[in-house]
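Engineer: Need a 3D model of the sequence below.
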Amino acid sequence: MPVGEESPAARSQGAARQGAALFALAGALGLLGLTTRPERGDVLLAVAVADFAVAAACLLLPWRRWPVSRVAWVSLAAFAIMGVSTWAFGGYTGGTIPFYVLTFTWLGLHQTPRVIWWAAGPATLSYALGLVAAGAPSEQVGATAVLMPVVVAVGLVISKKVVALREHERELREQEQWRAAMVATLAHDIRSPLTSITGALEIAEDDPATSADTRPFIAAAARQADRITRLAAGLLDLERVEQGKLRLNPTEWDVGQLAEHVAGLVDPSLVTVEVPDGLTVVADRDRMEQVLVNLTNNARRHGGGRVVIGGRREGTDVVVTVRDHGPGVRDEDVPRLFTRLARGSDGTDSVGLGLWIVRTLTEAHGGSVSHENADPGARFLVRLPHTLPLDGS
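Structural biologist: Numbers count the residues shown, from 1 in each chain. I've put the predicted structure just below:
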């Protein structure tokens with residue numbers, strides 16, 4: 001069954017539990033009615049007991065074994081009880097009509113329009129017979145032909161809306177499954193040609209016959225190939241996170257050394273490292289490299305100037321910062337900075353996975369990521385606990 005889809009068994013049980021609550025309420029109000037209609041005390045007591053019995057049946061019967069349409073049979077007992085209540089209240093409309101409305105609302109939430117039409121006949125008959133038994137005027141009995149269609153219409157409107165919503169949710173789940181399959185296929189299939197490209201670039205770079213004029217182009221191509229490799233890794237991480245299969249391999253390593261490595265990967269001419277010597281942390285080094293590369297690329301792309309990777313210790317935590325010197329983050333973009341597939345209001349964030357992956361990987365380490373304004377620019381802070389167990393738990 002697709003993730004997020006409610007099982008038929010759960011739907012049946014949920015409908016039965018709501019029915020139990022509805023009939024328990026009806027039973028409680030039936031007991032309350034003893035004070036207003038003492039002359040019909042025996043009947044109202046029997047009505048209350050019947051309501052509680054139906055509520056118990058809704059709770060105790062194995063509804064999970066049966067389709068949700070079976071739960072609708074309970075409404076027949078409800079209509080019979082409400083017909084008796086109509087007689088017991090002397091045909092007083094306010095005594096039972098609200099429960100007819102609630103019953104059809106309950107049916108509408110869980111049943112198809114066809115079931116609502118099926119229930120319309122017994123409901124109308126029970127109400128009309130209750131009025132006749134109570135000796136209600138013929139005008140009041142005749143009003144059933146106007147009143148009950150309105151009650152049934154409530155159930156039909158709700159049922160059609162719920163059916164449409166479930167169909168929409170099903171379509172969304174299918175689209176999400178298709179997207180996830182496409183992402184996984186793309187991420188896997190792109191790695192093989194990238195490996196060949198990277199290998200060819202390394203051979204060309206190591207070849208003494210390669211001219212000095214060509215080497216900068218080879219280095220630029222290697223950086224772009226590495227960027228695509230990281231993007232593919234990010235897409236694979238997206239798949240692993242959604243499936244709950246993300247695993248960490250924490251070790252202790254030097255933050256400054258990783259920052260220097262990231263600066264070399266992104267652009268040594270633009271990225272400056274300001275991390276004190278000896279600052280270490282226990283974390284998955286490859287994952288945190290991915291975090292820093294994403295943040296640094298984001299700062300370079302949006303900052304349009306110098307990028308500074310910093311670090312410090314705060315108590316038992318290690319805080320790694322990435323700052324740009326650009327215009328900063330717009331106020332309207334801040335709430336969705338770390339959401340999946342987010343796009344900036346200026347339209348420059350074309351992928352929308354980078355910061356979401358940063359947040360996901362950081363939180364997987366028990367840490368957090370945040371944003372603050374700098375003057376000028378923006379600063380992103382990755383806070384990691386220094387004491388992450390080496391087994392990644």
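
Engineer: Show the model's pLDDT score for the residue nearest to His110 when sequence neighbours are not counted.
Structural biologist: Spatially, and ignoring its direct neighbours in sequence, His110 is nearest to Ala15 (3.9 Å; C-beta to C-beta, 6 or more residues apart in numbering). To be clear about C-beta, it is placed using only N, CA and C from the backbone, and glycine gets the same treatment. What the model reports as pLDDT for Ala15 is 93.

Engineer: Which residues are in contact with Ala15?
Structural biologist: Ala15 is in contact with Trp63, Val68, Val71, Trp106, Leu109, His110, counting by C-beta atoms under 8 Å, 6 or more residues apart in numbering.

Engineer: cool, Ile309 as well?
Structural biologist: Ile309 neighbours (C-beta under 8 Å, 6+ apart): 259, 262-263, 271-275, 292, 296, 320-322.

Engineer: For PyMOL, write the select line for the buried members of those.
Structural biologist: Per 16 or more other C-beta atoms under 10 Å, the buried members of the contacts of Ile309 correspond to this PyMOL selection:
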select buried, resi 259+262+263+271+273+275+292+296+320+321+322
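
Engineer: Mind checking which of the contacts of Ile309 are in strands?
Structural biologist: Secondary structure defined by DSSP state E assigns Val271, Thr272, Val273, Glu274, Val320, Thr321, Val322 of the contacts of Ile309 to strands.

Engineer: Save these as JSON lines, and put in distance to Arg215 and pLDDT too.
Structural biologist: Formatted as JSON lines, the ones in strands among the contacts of Ile309 follow (distance: C-beta to C-beta, whole Å; pLDDT from 0 to 100):
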{"residue": "Val271", "distance to Arg215": "21", "pLDDT": "92"}
{"residue": "Thr272", "distance to Arg215": "24", "pLDDT": "92"}
{"residue": "Val273", "distance to Arg215": "24", "pLDDT": "94"}
{"residue": "Glu274", "distance to Arg215": "29", "pLDDT": "93"}
{"residue": "Val320", "distance to Arg215": "32", "pLDDT": "95"}
{"residue": "Thr321", "distance to Arg215": "33", "pLDDT": "94"}
{"residue": "Val322", "distance to Arg215": "29", "pLDDT": "94"}
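
Engineer: can I get those residues in JSON lines with distance to Arg313?
Structural biologist: Formatted as JSON lines, these follow (distance: C-beta to C-beta, whole Å):
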{"residue": "Val271", "distance to Arg313": "22"}
{"residue": "Thr272", "distance to Arg313": "20"}
{"residue": "Val273", "distance to Arg313": "16"}
{"residue": "Glu274", "distance to Arg313": "14"}
{"residue": "Val320", "distance to Arg313": "11"}
{"residue": "Thr321", "distance to Arg313": "12"}
{"residue": "Val322", "distance to Arg313": "17"}
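
Engineer: And the helices in the stretch 1-150 of the chain?
Structural biologist: Counting by DSSP state H, counting those that start in this stretch, the stretch 1-150 of the chain has helices at residues 8-32, 41-60, 74-88, 93-110, 113-133, 138-142, 144-206.

Engineer: and if you look at the stretch 201-350 of the chain?
Structural biologist: All helices of the stretch 201-350 of the chain, identified by DSSP H, counting those that start in this stretch, fall at 215-243, 255-266, 285-303.

Engineer: Deepest in the core, which of those helices is it.
Structural biologist: helix 285-303 (a mean of 21; mean count of other C-beta atoms under 10 Å).

Engineer: What's the mean pLDDT across it?
Structural biologist: 87.

Engineer: Quick one: list the elements packing against it.
Structural biologist: If you count contacts as 3 or more C-beta pairs under 8 Å, 6 or more residues apart in numbering; DSSP states H and E, helix 285-303 packs onto helix 215-243, helix 255-266, strand 307-314, strand 317-323, helix 354-364, strand 378-385.

Engineer: For Thr251, which of the helices of the stretch 1-150 of the chain is the nearest?
Structural biologist: helix 144-206 (24.2 Å; C-beta to C-beta).

Engineer: okay, the angle between that closest one and helix 93-110?
Structural biologist: Relative orientation of helix 144-206 versus helix 93-110 (axes from the mean of the first three to the mean of the last three C-alpha atoms, to 10 degrees): 30 degrees.

Engineer: Please compute how far helix 144-206 lies from its chain's middle.
Structural biologist: The chain centroid and the centroid of helix 144-206 are separated by 13 Å under C-alpha atoms, centre = their mean, to the nearest Å.

Engineer: pLDDT on that helix, on average?
Structural biologist: The pLDDT scores in helix 144-206 average 84.

Engineer: how much space between Glu363 and Gly311?
Structural biologist: 19 Å (C-beta to C-beta, to the nearest Å).

Engineer: Tell me which of those two has more neighbours.
Structural biologist: Legend: neighbour count by other C-beta atoms under 10 Å for Glu363 and Gly311, higher for Gly311 (21 against 12).

Engineer: Surely that one touches Thr280?
Structural biologist: No: applying C-beta atoms under 8 Å as the test, Gly311 and Thr280 come out as separate, 10.1 Å apart.

Engineer: list residues touching both of those two?
Structural biologist: Common contact partners of Gly311 and Thr280 (C-beta under 8 Å, 6+ apart): Val255, Val318.

Engineer: Look through the chain and report the residue furthest from the middle.
Structural biologist: Farthest-out residue of the chain from its mean C-alpha position, per C-alpha atoms, centre = their mean: Ala209, at 55.9 Å.

Engineer: list the contacts for that residue?
Structural biologist: Counting by C-beta under 8 Å, 6+ apart, Ala209 has no contacts.

Engineer: Distance check, it against Glu202.
Structural biologist: From Ala209 to Glu202 the distance is 15 Å (C-beta to C-beta).

Engineer: so what pLDDT did Gly4 get?
Structural biologist: So Gly4 comes in at 52 (pLDDT).

Engineer: Could you do the one 4 residues further on as well?
Structural biologist: We note a pLDDT of 86 for Pro8 in this prediction.

Engineer: and it, how many neighbours?
Structural biologist: Neighbour count of Pro8, defined by other C-beta under 10 Å: 13.
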